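**Student:** sequence first, then the predicted structure:
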Amino acid sequence: MLDARSYQIGFRTLELRREPDQWGESFTFVVNGVPIFAKGSNWIPADSFPARVTPAQLDALLGAAAATNHNMIRVWAAATTKPRPSTTCATDTGSWSGRTSCSPAASTR
C-alpha cells in the first residue's frame, strides 16, 4: 500500500440536483435527502510558504468561517495547501469541503 487516509463524515448521500426552474436551472445540494443552503467561501493557501502555517492557524481560519455561518469551503484546485485545511476542524465546525479541478473531465455535466 502506498497511501491510505481515513475520514469521519456525517452524511450517507450527497447529490447535486439540477432541475429546470424559473431562472434556468437549479443548483441544489441535497445531503441525506434534505436540500441544504450552502453558504461558504473559497480556500486559498493561508501563506505563500505552506510550512509556516500551523494547525492553530488553520483552526482559527476555519473557525472564522464557521463563526460567519459558512457551512461549505471550496478548495481552489490550484491551491497547493500543505497542510490541507483540517478535515477534523471542518467536521468540528459543521462545515464540509470540496476540491475543484482544472480538468475539463471534472465537469458536473
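**Tutor:** In hand now; what should we look at? Quantities reported herein were computed from a predicted structural model and do not represent experimental measurements.

**Student:** how about the helices in this protein?
**Tutor:** 55-67, 87-93 (DSSP state H).

**Student:** distance check, residue 32 against residue 40.
**Tutor:** 19 Å (Cβ to Cβ, to the nearest Å). The way it works is simple: take the backbone N, C-alpha and C, and place the C-beta from them, glycine included.

**Student:** between the two, which one's more packed in?
**Tutor:** residue 40 (17 against 11; other Cβ atoms under 10 Å).

**Student:** specify the beta-bridge partners of the more buried one.
**Tutor:** On the basis of DSSP bridges, residue 40 is bridged to residue 72.

**Student:** who's in contact with it?
**Tutor:** By Cβ atoms under 8 Å, 6 or more residues apart in numbering, the contact set of residue 40 is 65, 70, 71, 72, 73, 74, 95.

**Student:** weed out the non-buried ones from these.
**Tutor:** Buried residues within the contacts of residue 40, defined by neighbour count using 16 or more other Cβ atoms under 10 Å: 65, 70, 71, 72, 73, 95.
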